[in-house]
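**Student:** Kindly return the folded structure for what I paste below:
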Amino acid sequence: LPPTPAENAARLAEDEAEVVTVSPDENLVPIAMDGDGPLVVREKFHKAEPMGIEQALFEMELVGHDFFLYRDKASGHPSVVYRRRGWDYGVIRLVEE
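**Tutor:** Reported below is the predicted structural model:
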């Protein structure tokens, strides 16, 4: 059986310099911390279907989250639409310099 998240965290706490390999089935990324650690981040993978901003906003509302990460169909850039106040929205686009 693979180790539980608690076992992974305990292993990481024993030696913060040690890198703990997490199997892809667990979808956890342990991060060493000073003090009360370690911090464990749950990781998810999704297909990145290119879409326009309108579709991204629709998908965000569909899943009920305050943000939605997508690949912009026109530019190919990774982008995030997010909810602001009320019915206002924003978009962040990642570009390489």
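
**Student:** Can you pull the poorly scored residue ranges out of this structure?
**Tutor:** Segments of the chain classed as low confidence (criterion: pLDDT under 70) are 1-26, 32, 37-38.

**Student:** the strands in it, which residues?
**Tutor:** Taking DSSP state E as the test, the strands found in the chain are 28-31, 39-42, 50-51, 67-72, 78-83, 89-93.

**Student:** how far does the first one sit from the chain's center?
**Tutor:** Using CA atoms, centre = their mean, to the nearest Å, the mean C-alpha position of strand 28-31 is found 12 Å from that of the whole chain.

**Student:** possible to save the strands of the chain as CSV with distance to residue 59 and mean neighbour count?
**Tutor:** All C-beta spots, glycine's among them, are computed from the backbone N, C-alpha and C. Formatted as CSV, the strands of the chain follow (distance: least, CB to CB, whole Å; neighbours: other CB atoms under 10 Å):
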stretch, distance to residue 59, mean neighbour count
strand 28-31, 24, 16
strand 39-42, 20, 12
strand 50-51, 7, 15
strand 67-72, 5, 18
strand 78-83, 9, 17
strand 89-93, 12, 13
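
**Student:** Take the ones you listed and lay them out in TSV including distance to residue 57.
**Tutor:** TSV is the format used below for the strands of the chain (distance: least, CB to CB, whole Å):
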stretch	distance to residue 57
strand 28-31	29
strand 39-42	25
strand 50-51	10
strand 67-72	7
strand 78-83	5
strand 89-93	6
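
**Student:** To residue 60, which of these lies closest?
**Tutor:** Across those, residue 60 has its closest neighbour in strand 67-72 (3.5 Å, CB to CB).
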